[in-house]
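*Asks:* Fold the following for me, if possible:
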Amino acid sequence: MPNAQTFVATWRYYHDGKSWLLNVSQKKKTVFWLSVISGSFRITAYFTDKAKDAVRASRLSDELKEQFLGRASTGKLRASRLPSGRRGTSKTRRSSSR
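*Replies:* Residues are numbered from 1 along each chain as shown. Below is the predicted model of the structure:
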């Protein structure tokens with residue numbers, strides 16, 4: 001199992017989407033994207049079809065399992081969006097590395 005030191009987190013501001021995105025990667029593979037939206041955030045992870053059995057057997061909520069299993073793949077990947085912090089319940093701080 002990888003330890004936290006093998007993950008690299010990079011914040012960038014994307015002008016085309018006018019938002020901050022955090023890319024968390026391990027080596028050259030993206031683990032997930034975190035986007036900052038007004039008063040909240042969104043985490044999106046991408047998995048190959050090989051992850052289907054692991055998702056079915058996991059302790060994830062039925063809603064998250066259905067979201068992943070029911071979503072069409074984009075190329076070789078399926079996106080799974082995790083619930084985000086809600087306005088007033090989540091403190092999200094914007095930062096950037098220079």
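*Asks:* For the residue nearest in space to the middle of the chain, list the residues it contacts.
*Replies:* Closest to where the C-alpha atoms of the chain average out (CA atoms, centre = their mean) is Thr44, at 2.7 Å. The contact partners of Thr44, by CB atoms under 8 Å, 6 or more residues apart in numbering, come to Phe32, Trp33, Ser35, Ala79, Ser80, Arg81, Leu82. Glycine gets a C-beta too; all of them are placed from N, C-alpha and C.
*Asks:* out of those, what pair is the most spread apart?
*Replies:* Of all pairs drawn from those, the widest gap by CB to CB lies between Ser35 and Ser80 and measures 14.2 Å.
*Asks:* For those two, indicate the residue with more neighbours.
*Replies:* When Ser35 and Ser80 are compared on other CB atoms under 10 Å, the one with more neighbours turns out to be Ser80, at 20 against 17.
*Asks:* Once you drop chain neighbours, what's closest to the more buried one?
*Replies:* Ranked by CB to CB, 6 or more residues apart in numbering and with sequence neighbours excluded, the top spatial neighbour of Ser80 is Phe68, at 4.4 Å.
*Asks:* That neighbour in helix, strand or coil?
*Replies:* Under the three-state scheme (DSSP: H, G, I helix; E, B strand; the rest coil), the conformation of Phe68 reads as helix.
*Asks:* go on, the one 4 residues further on?
*Replies:* Secondary structure assignment for Ala72 (three-state DSSP): coil.
*Asks:* Tell me the spacing between it and Ala79.
*Replies:* Counting by CB to CB, to the nearest Å, the gap between Ala72 and Ala79 amounts to 10 Å.
*Asks:* which residues of the protein fall in strands?
*Replies:* In the chain, strands defined by DSSP state E lie at 7-14, 19-26, 29-37, 40-48, 77-82, listed in chain order.
*Asks:* Go through the ones you listed and name the closest to Arg59.
*Replies:* Nearest to Arg59 among the strands of the chain is strand 77-82 (13.9 Å), distances taken as CB to CB.
*Asks:* circling back: give me the beta-bridge partners of the residue nearest to the centre of the chain?
*Replies:* Thr44 has these beta-bridge partners by DSSP bridges: Trp33, Arg81.
*Asks:* Relative to Gln5, how far out is it?
*Replies:* If you go by CB to CB, the gap between Thr44 and Gln5 works out to 24 Å.
*Asks:* With that, I have no additional questions.
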